[in-house]
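Asker: everything below, folded, please.
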Amino acid sequence: MAADKRNSDRRFQDLTAETSDDETQKVKVKKFLRNKATTYTAEMIQSRREWLAELTQTQLKHLAHFSEDPEDFKGKIECPIGVAHVPVGIAGPLRINGEHARGVFFIPMATTEGALITSYTFGSNIITRSGGVNVKILKDALKSDPTFVFKSSAQAQSFVTWIENNFGRIKEIAEKTSGHLRLIKAVPKINGRRVILCFHFQTGDAIGMNMAYKATDVVCKMIRDSVNPEEFWLHSNFTTIKKTTAENFVNGYGKSAMADVTIPRKLVERLNTTPEQVERYFLRTVSFGSRGIVRNQCSYGERNDRHSHCLWTGCGARCQYPLRQCHVRNDQKWRFVF
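Answerer: Purely as a prediction, here's the structure:
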């Protein structure tokens, strides 16, 4: 408490900032020590929030109400000032016929987009009345893609052989960085005197990006000390987390899943249409329009529901990155395959 008081009572420090008309104005900014022992306490969070409210002349009263222990914020957020509140609803029932998830489920969704949950409840009911959606995980490989640069292509080729001969050592070092991480393989992609080393990790139920990058950093430093490349880079844009690449499109990123459902004709006709009309619409407008704007063929707009579910779980919208691609097609039996 004494340390909290010392931090919260620190005086304002005058700093200068240039305005658009080149005039200088004085801005009072309160300095907070980012001390691990004091940052994540209710007193420090309140002090930081009150300072920000005073500085910006805004009301931040809703952020002050939360039930979490501030100590739990460590490693998840820096300089916390409170917790945002988003309404949570449920969609469903949704019958899932999966390898692990089997039965009828209700899906929590955090959103302020009107009609989103109604839309997904409607779709869930159609799927459930059709016998449920069949789901299978096809691949599980969270990837990282460091690049190593050598003096010649001959050295790059020798490095590929070195990776094959030392994979056991690489795997041991990577897996020591986390009890939840497994290194499945390391695939070298040679291009002249450069080699992209594509690591394939499994991270259990976690998204695992931090685990994967931490392990990649430790392994790359070991490789640097062992083979002495000209330089290396932790990322190469070969497999990215924020956009689709050719590698991600063909081989996937993270968990690759397939889901299909067969909707009986009588349920389709309750929607005031027929399977033939839907197929004709799909072929003549949706797939054609998607090709016309140079998209990934026909993409299903799954981002709204995915973001709302991720926000509810507490992971935040950052969950979107490994779940970037989703495609849909239908056949003459009105079977959707995602």
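
Asker: list of residues touching the helix or strand that contains residue 127?
Answerer: Assigned by DSSP states H and E, residue 127 belongs to helix 116-129. For helix 116-129, the surrounding residues in contact (Cβ atoms under 8 Å, 6 or more residues apart in numbering) are 89-95, 104, 107, 109, 111, 133, 261, 263, 267, 271, 304-305, 308. In this view, the C-beta of every residue, glycine as well, is placed from N, C-alpha and C.

Asker: restricted to strands, list those residues.
Answerer: Secondary structure from DSSP state E places 89, 90, 91, 92, 93, 94, 95, 104, 107, 109, 133, 261 of the contacts of helix 116-129 in strands.

Asker: looking at these, which is nearest residue 168?
Answerer: residue 133 (40.3 Å; Cβ to Cβ).

Asker: what does stretch 60-79 rub up against?
Answerer: 32, 34, 36, 39-42, 45-46, 48-49, 52-53, 80-85.

Asker: and the helices in this protein?
Answerer: With DSSP state H as the criterion, the chain has helices at 2-8, 42-56, 116-129, 153-165, 167-175, 209-227, 246-251, 265-269, 275-281, 287-292, 303-313.

Asker: make CSV from these and add mean neighbour count, mean pLDDT and distance to residue 185 to it.
Answerer: Shown next, in CSV, are the helices of the chain (neighbours: other Cβ atoms under 10 Å; pLDDT from 0 to 100; distance: least, Cβ to Cβ, whole Å):
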stretch, mean neighbour count, mean pLDDT, distance to residue 185
helix 2-8, 14, 44, 48
helix 42-56, 16, 87, 44
helix 116-129, 17, 93, 36
helix 153-165, 14, 97, 10
helix 167-175, 15, 97, 8
helix 209-227, 17, 96, 13
helix 246-251, 14, 80, 12
helix 265-269, 13, 92, 44
helix 275-281, 14, 86, 40
helix 287-292, 12, 53, 33
helix 303-313, 17, 60, 28
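
Asker: let's have those helices in TSV, adding distance to residue 188.
Answerer: Formatted as TSV, the helices of the chain follow (distance: least, Cβ to Cβ, whole Å):
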stretch	distance to residue 188
helix 2-8	50
helix 42-56	47
helix 116-129	43
helix 153-165	5
helix 167-175	10
helix 209-227	11
helix 246-251	13
helix 265-269	49
helix 275-281	44
helix 287-292	34
helix 303-313	33
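
Asker: neighbours of the residue nearest to residue 142 when sequence neighbours are not counted, how many?
Answerer: Closest residue to residue 142 apart from its sequence neighbours, by Cβ to Cβ, 6 or more residues apart in numbering: residue 201 at 4.7 Å. Residue 201 has 26 neighbours, counted by other Cβ atoms under 10 Å.

Asker: next one: residue 130
Answerer: Per other Cβ under 10 Å, the neighbour tally for residue 130 reads 18.

Asker: and if you look at residue 236?
Answerer: 20.

Asker: from residue 234, how far off is the closest residue to it other than its chain neighbours?
Answerer: Of all residues not flanking residue 236 in the chain, residue 147 sits nearest, at 4.1 Å (Cβ to Cβ, 6+ apart). Relative to residue 234, residue 147 is positioned 8 Å away (criterion: Cβ to Cβ, to the nearest Å).

Asker: OK, contacts around residue 180?
Answerer: By Cβ under 8 Å, 6+ apart, residue 180 lies in contact with 203, 204, 206, 208, 211.

Asker: and the two most separated of these?
Answerer: Of all pairs drawn from the contacts of residue 180, the greatest distance, 9.2 Å, lies between 204 and 211 (Cβ to Cβ).

Asker: can you spell out the domain ranges of this protein, please?
Answerer: What automatic domain parsing lists as the domains of the chain is 2-73, 88-139+253-337, 146-236.

Asker: in a markdown table: those domains, plus distance to residue 247.
Answerer: Below are the domains of the chain laid out as a markdown table (distance: least, Cβ to Cβ, whole Å):
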| stretch | distance to residue 247 |
| --- | --- |
| domain 2-73 | 35 |
| domain 88-139+253-337 | 8 |
| domain 146-236 | 8 |
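
Asker: those: which one's closest to residue 245?
Answerer: That would be domain 88-139+253-337 among the domains of the chain, by Cβ to Cβ, at 8.4 Å.

Asker: and the residue nearest to residue 182 when sequence neighbours are not counted, how many neighbours?
Answerer: Nearest residue to residue 182, sequence neighbours excluded (Cβ to Cβ, 6+ apart): residue 202, at 4.5 Å. Residue 202 has 16 neighbours, counted by other Cβ under 10 Å.

Asker: list the contacts for residue 202?
Answerer: Shown in contact with residue 202 (Cβ under 8 Å, 6+ apart): 140, 141, 142, 181, 182, 184.

Asker: list phi and psi for the closest residue to residue 264 other than its chain neighbours.
Answerer: Ranked by Cβ to Cβ, 6+ apart and with sequence neighbours excluded, the top spatial neighbour of residue 264 is residue 130, at 6.1 Å. Here the main-chain torsion angles of residue 130 (degrees, to the nearest 10) amount to phi -90, psi 0.
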